[in-house]
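Visitor: got a predicted structure plus its sequence, pasted below:
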6 protein chains.
Amino acid sequence: MLLHLSSWPEIEGQLAKSRAVVVPIGSNEQHGPTGLLGTDWLCPEIIAHEAERLDPSLLVAPTFNIGMAQHHLAFPGTISLRPSTFMAAISDWVSSLTRHGFERIYFLNGHGGNVSTIEATFAEIYADWSFAEERCPFMLKLVNWWNLPGVEKLALELYPTGHGMHATPSEIAVTQAAYPDRIKTAALEPKIAPTGPIRDALDYRARFPDGRIGSDPLQASPEGGRKLIDASAQALLQDVAAFTAEVQPGL
Amino acid sequence: MLLHLSSWPEIEGQLAKSRAVVVPIGSNEQHGPTGLLGTDWLCPEIIAHEAERLDPSLLVAPTFNIGMAQHHLAFPGTISLRPSTFMAAISDWVSSLTRHGFERIYFLNGHGGNVSTIEATFAEIYADWSFAEERCPFMLKLVNWWNLPGVEKLALELYPTGHGMHATPSEIAVTQAAYPDRIKTAALEPKIAPTGPIRDALDYRARFPDGRIGSDPLQASPEGGRKLIDASAQALLQDVAAFTAEVQPGL
Amino acid sequence: MLLHLSSWPEIEGQLAKSRAVVVPIGSNEQHGPTGLLGTDWLCPEIIAHEAERLDPSLLVAPTFNIGMAQHHLAFPGTISLRPSTFMAAISDWVSSLTRHGFERIYFLNGHGGNVSTIEATFAEIYADWSFAEERCPFMLKLVNWWNLPGVEKLALELYPTGHGMHATPSEIAVTQAAYPDRIKTAALEPKIAPTGPIRDALDYRARFPDGRIGSDPLQASPEGGRKLIDASAQALLQDVAAFTAEVQPGL
Amino acid sequence: MLLHLSSWPEIEGQLAKSRAVVVPIGSNEQHGPTGLLGTDWLCPEIIAHEAERLDPSLLVAPTFNIGMAQHHLAFPGTISLRPSTFMAAISDWVSSLTRHGFERIYFLNGHGGNVSTIEATFAEIYADWSFAEERCPFMLKLVNWWNLPGVEKLALELYPTGHGMHATPSEIAVTQAAYPDRIKTAALEPKIAPTGPIRDALDYRARFPDGRIGSDPLQASPEGGRKLIDASAQALLQDVAAFTAEVQPGL
Amino acid sequence: MLLHLSSWPEIEGQLAKSRAVVVPIGSNEQHGPTGLLGTDWLCPEIIAHEAERLDPSLLVAPTFNIGMAQHHLAFPGTISLRPSTFMAAISDWVSSLTRHGFERIYFLNGHGGNVSTIEATFAEIYADWSFAEERCPFMLKLVNWWNLPGVEKLALELYPTGHGMHATPSEIAVTQAAYPDRIKTAALEPKIAPTGPIRDALDYRARFPDGRIGSDPLQASPEGGRKLIDASAQALLQDVAAFTAEVQPGL
Amino acid sequence: MLLHLSSWPEIEGQLAKSRAVVVPIGSNEQHGPTGLLGTDWLCPEIIAHEAERLDPSLLVAPTFNIGMAQHHLAFPGTISLRPSTFMAAISDWVSSLTRHGFERIYFLNGHGGNVSTIEATFAEIYADWSFAEERCPFMLKLVNWWNLPGVEKLALELYPTGHGMHATPSEIAVTQAAYPDRIKTAALEPKIAPTGPIRDALDYRARFPDGRIGSDPLQASPEGGRKLIDASAQALLQDVAAFTAEVQPGL
């Protein structure tokens, strides 16, 4: 069930059956010369929608498509929130969803750079309950799609060398499977991009001139992407089911 | 050109040709018993993407899909930002886009409830330049898709009675044309919904029990939606061209 | 009853009779070569105080004299709040007044540039109740004095040409009637000022070199101002009475 | 010169002669059974306007009429900003005035409860320059009207017993001189109000049931008020002149 | 009892006996050529820990070691919070402590520049209760260590001339007594530093080139410091006892 | 060199030799029945001070002693900042230190719960430079003391079973070595504490009734602590040296 293509009575009906919702969350940022700017929000969207296709009882929220990508701002097309803005926006999403009775908010994340800020936001949200000495009536969970059970293993089997950390063949393959008419090619030099620390945008561009970190994305193919989507969607269904079944102690 | 399906070198190339970008912006909120929760962000997305199909030189950003919908929160599925959060997020989008050199940021809006906050955000952004006594190097524009030249006239020709203000047959028709497999039906009573002021969420639900304001959305049809999309997309192209050509005095 | 010239026991007594209060709100900003910098807060103050003179049972709060005028900052004497500051301040006024039991807060506004931010503030205030799933126990209303029933019609009768949008003969006439010893004169060229969009302060000054937009304020006279004050004060009394009598559904 | 009754060209002319401006600042809060709610903003306004009458070359800004009065909120009619809001608003006033070239911003304060927050605001404003390693091009000064040279001595001569700290005969006398038709009377018991610490609003009302602290305001008279106004206005002119003449070291 | 060297069950036990806690609070900022950068947080820490040594039933929290010192930022080693940050941090400390049941939070302060911001913070905290019309269940108190009964008198007896306002012989003596191996010496010229107003950091450095204000800190000695510590610690115990015994009216 | 026990001229001299500074950062929170509330800020302080004793050319800032510990708030003595407050405070520390010319700010962290928020803060700080298209002139680094090279290996050698995640024998041993007179004992049941997810404070207390997670802290000894301190201090010196020597590309 895709929330944005449903009516409110349909969501009301869904809430009678399940209190869980999946929020695809990512970032819109450069992904090297051949990757789509939308890669990091398209991947969790593609996977979550595939999971919903497999099991229509899974509720998927609209995609949170802009995240924390300040370090990519020296490449045109990147759109980033400041961490503080990102925190406020996630909080309002959570307040909206929990207001309706959702008790398991599962963020399926597509961008490593989002992780710290999302975790800090969870703490900010929980802190309201902790300072008030009240039990928080809902649970928040963050999972990167590549950390879903079995997925990283598959990715490294498909791309044993040059997988890297940014503009990886895995994520690009996922978008190629979903948008085969948008496959791009380019000469990449060096074949495998350098690695290093991440700081501000100009530092990033000086270290990683074409945007990639440690990766050789030319290995990506729609076929590889299809395998990753299938594995991820299956794993997502199981992980959400486990999260839904989780019991809060003492409640 | 859809920004999120492009690579950064493609956007770099686009910037050499045009400094304008269209941002579809809306809200995810109840639209009565038959309307999609995503209606208000789907409509500007549908129209902007159609315009881009007609003229691929038009650059369209990802859709800003969650807006200011606090008054709809008593209906399941609504997701809202607080005005202050919305302002921070829009500001960061603008900062990102103008950092790359975009000078005309055109927000194509799908939700009347967004207007005040977006206008206040524009003032907040301009204020930084005004207090600093510096000339703002970019222009911001907000247009509701139904206010594009000729569109409201067409809407009222299609639906002369019961157009209303929320969950209108126009907006629902646009989504029907784009998502024909998601057309929903319901018995609506009264046929034309009541009207009244908008305040907090429970006040809203007491006044407008099924979510509609002043509308009879059962009149919507994919055919009507198609006409509205065509007219809107054409008008958008012309309006963006005029905005792009606008000259700042004294610069 | 002017709140600031009353004692707290007098306000306590007033609250036993009425839960409504009028807040004159405006801006301190340039009004062309002949207009007072205080025009936009003086006008609603003058009108509200006149209404209180006619009917002393009307309670009028102190005047909120600084609003959102970032676009006027290139003209000396303008004082502006940022929209975010303005929102915080209005919220605290509302929290103070509703804490005492006021349930109808009527903002009589004198500055078009305030409207978006005040409306966004109302949404920010209501959002607290909407997210908490509680009914907001008070109502907020914003009315520009020139939109009081009958006033705009009178203004255009008095000044059928060159009324314009900023430094209008109407608003200047109102201040002339109240402050006849402060009437200023100047040679204005062109007679009717240009019109155009409003953006940052330096853009504004480049477009509207003497500060006026679309107006010929030299038409203003104390006599015209007197008529506008009388009509506005009468209309205000009726509008506040209607607002006071308004019933919240389901309460 | 009253800024709000001037035009922008007049302020432009004034700036060519002096870079100083006086901002009357106070609070709208209960002042016991006989004091006006506006006392704390009316007093500095009355004194500053009197000084301007004596010397029209003195520029007086509009009155900042709502301050930090959270402790008075249990008495109807009190309107308070939170300290954080107050800080933001003062900052925007200062940014506006210094943007025009004012270099000496003199706040004439009428409310003891404002002092800490205003001083903290000055530090917040200066901190921007201090962190940036730049010299702040303007100076801020805060003076309570009763601390103007000679004024406190006069107040204690007029009211040697029962002057107290809140709803003092001095401040009430000043308003009586300016608004003789608003003089109120009441039986006060005890004659001299108790004293004690100031905390939250309900604590305040429990300690000081009629709102006064340590004072016997029934001693106030318009004649006493006239003397205080005269002394304060003269002292203000001298103090502003000294502030205007003050030289920043090394500039 | 030092909170940070206790376990949570020990604090639980302490709460059964007393609801008071002392928070040493200060600043890390230049203290002239011979003063330690930590002087202003070391002094209240030294005194509070000495008091706890004398009476182990006194609970002392960790030291809040960074305060509001923007004016000292032109001297290396100064670390300052902005007033707004300082307010947020103090609020969170108070929320944490009162959440556990502490009802008397006593801030022993070592930095004059902190006073306004701490007082403003108290008002910000109390305001939440005042706007909500609820009684605040705890009391906050701020005392500068040199204002503890008898301490200033002792300081001026020890250092009758050249005590000054910043880098005073008193505070430096206190640190000398506690850290005798860190006593520093320097030639100071002039012997007694100048005085003047405090504004931004570069203004400060221009007025007070070596950092001192009005003081001759070379008079400091560990012996003098010992006397000040003894007197302060004794006075602190009595003042905390009185604060603990204070009764809220009507509770 | 301990910054807080130095004078500003000494720091000025230090800056001529090195642009690096170590900031011990932690949290004040429950550490089970036998751990000190200060454990998480004491550990990095102890280690950094030991490193400074070994090599006095290392500059150590005051300890940032309160971090993000909302989940521990159901245990008395815990003091926590909200993530947003923590971010503001860290930013001000960084602004202060970099204002003086420090270019390598090394945070030695003692609390796992701080990591996300500190990383998010680094991104918030870098974002200012990234949006402004300027190169950030300094580098920030976060290292948990147990992640210093070789330390975790040593910890698991010392405590191969029951090391756990909170109130570990390692951290308690470090404090025992430094504060041998504060060693506490208690009967712990079960011997090894349970593990599980971390959410709000009451959820935490329900899952981990005595505060420990996965650990058996009774294994701690001062001797083990001494080994950990020695290894950590040595590793810290090397890691700071490497960080100091790191070169920014293209600068």
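Guide: Yep, that arrived.
Visitor: contact partners for A:Ala74?
Guide: A:Ala201, A:Leu202, A:Tyr204, A:Arg205, F:Ser130, F:Glu133 (CB atoms under 8 Å, 6 or more residues apart in numbering or on different chains). Glycine gets a C-beta too; all of them are placed from N, C-alpha and C.
Visitor: hang on, I meant A:Ser215
Guide: So A:Ser215 contacts A:Gly32, A:Gly162, A:His163, A:Gly164, A:Met165, A:His166, A:Ala167, A:Thr168, A:Pro169, A:Ile192, A:Ala193 (CB under 8 Å, 6+ apart).
Visitor: just the closest of those to chain F, please.
Guide: A:Ala193 (13.9 Å; CB to the nearest CB).
Visitor: which element is A:Gly211 on?
Guide: Following DSSP states H and E, there is no helix or strand that holds A:Gly211.
Visitor: run a quick neighbour tally on it.
Guide: 26 (other CB atoms under 10 Å in any protein chain shown).
Visitor: need the longest helix for chain A.
Guide: Longest helix in chain A, counting residues (DSSP state H): helix A:222-245.
Visitor: contacts for that one?
Guide: So helix A:222-245 is contacted by A:18-20, A:22, A:46-48, A:50-51, A:53-55, A:58, A:104, A:106, A:108, A:139, A:141, A:143, A:145, A:148-151, A:154-155, A:158-159, A:169-170, A:172-178, A:180, A:183 (CB under 8 Å, 6+ apart).
Visitor: switch to 7 Å and redo it
Guide: Contact with helix A:222-245 is made by A:18, A:20, A:22, A:46-48, A:50-51, A:54-55, A:58, A:104, A:106, A:108, A:141, A:143, A:145, A:148-151, A:154-155, A:158, A:170, A:173-177, A:180, as judged by CB atoms under 7 Å, 6 or more residues apart in numbering or on different chains.
Visitor: what sits against whichever residue of chain A sits closest to chain E?
Guide: Nearest residue of chain A to chain E: A:Phe131, at 5.0 Å (CB to the nearest CB). Contact analysis of A:Phe131 by CB under 7 Å, 6+ apart lists E:Ser95, E:Arg99, F:Leu73.
Visitor: need the residues you listed in CSV with distance to chain C, pLDDT and secondary structure, can you?
Guide: Shown next, in CSV, are the contacts of A:Phe131 (distance: CB to the nearest CB, whole Å; pLDDT from 0 to 100; DSSP: H, G, I helix; E, B strand; the rest coil):
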residue, distance to chain C, pLDDT, secondary structure
E:Ser95, 19, 98, helix
E:Arg99, 21, 98, helix
F:Leu73, 22, 98, coil
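Visitor: pick the one among the residues you listed closest to chain D.
Guide: So of these, ranked by how close each gets to chain D (CB to the nearest CB), first place is E:Ser95, at 15.0 Å.
Visitor: from chain A, how far out is that closest one?
Guide: According to CB to the nearest CB, to the nearest Å, E:Ser95 stands 5 Å off from chain A.
Visitor: show me where the stretch 1-150 of chain A has strands.
Guide: Here the stretch 1-150 of chain A has its strands, by DSSP state E, counting those that start in this stretch, at A:20-25, A:104-109, A:139-144.
Visitor: got a list of contacts for the first one?
Guide: I take that to be strand A:20-25. Residues contacting strand A:20-25 (CB under 7 Å, 6+ apart): A:41, A:44-45, A:48, A:58-61, A:63-64, A:67, A:93, A:97, A:102, A:104-109, A:114, A:240, A:243-244.
Visitor: A:Leu58 touches A:Ile47, doesn't it?
Guide: No. Between A:Leu58 and A:Ile47 there is no contact, the gap being 11.3 Å when judged by CB atoms under 7 Å.
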